[in-house]
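Colleague: sequence? don't have it. structure:
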């Protein structure tokens, strides 16, 4: 039995391999780019997620931002924001404006 919350994109359609997703993403397919980001996130590959963000993947930006918020990492949030994912800037402001403990 498979838990739907832990399925990766590859689990949903094992016939679409990573190379095919990369080819489609390179041709401008945003869904393929998002699926690559999901796979990189599941593997904990922050380097690939960063590369996907640099390629314009807002989903990679979302995933990186979620990780940076969980880690409380303002430098990473700034880097993600500078790379073009505006929500990271919003999260950075929220983090910086939080009351000191």
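Modeller: Great, that's in hand. Keep in mind it's a predicted model, so treat the numbers as computed, not measured.
Colleague: Name the residue closest to the centre of the chain, please.
Modeller: Residue closest to the average C-alpha location in the chain (CA atoms, centre = their mean): residue 60, at 2.3 Å.
Colleague: per-residue confidence at that one?
Modeller: pLDDT, residue 60: 97.
Colleague: Where does it fall, secondary structure wise?
Modeller: helix 58-71 (DSSP states H and E).
Colleague: In which helix or strand does residue 94 reside?
Modeller: Remark: residue 94 resides in helix 86-97, with elements defined by DSSP H and E.
Colleague: would you list every one of the helices in the chain?
Modeller: 9-12, 18-26, 30-43, 46-54, 58-71, 74-82, 86-97 (DSSP state H).
Colleague: next one: the fifth one to chain centre, how far?
Modeller: To tie it back to what came earlier, the one meant is helix 58-71. Helix 58-71 sits 6 Å away from the centroid of its parent chain (CA atoms, centre = their mean, to the nearest Å).
Colleague: what do you get for the fourth one?
Modeller: Put simply, helix 46-54 sits 7 Å off its chain's centre (CA atoms, centre = their mean).
Colleague: Any buried residues in it, and which?
Modeller: For helix 46-54, a neighbour-count test (16 or more other CB atoms under 10 Å) marks 48, 49, 50, 52, 53 as buried. For glycine as for every other residue, the C-beta is placed from the backbone atoms N, C-alpha and C.
Colleague: can you redo those as JSON lines with distance to residue 98 and pLDDT?
Modeller: As requested, the buried residues of helix 46-54 are exported to JSON lines (distance: CB to CB, whole Å; pLDDT from 0 to 100):
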{"residue": "48", "distance to residue 98": "30", "pLDDT": "96"}
{"residue": "49", "distance to residue 98": "25", "pLDDT": "97"}
{"residue": "50", "distance to residue 98": "25", "pLDDT": "96"}
{"residue": "52", "distance to residue 98": "29", "pLDDT": "96"}
{"residue": "53", "distance to residue 98": "25", "pLDDT": "96"}
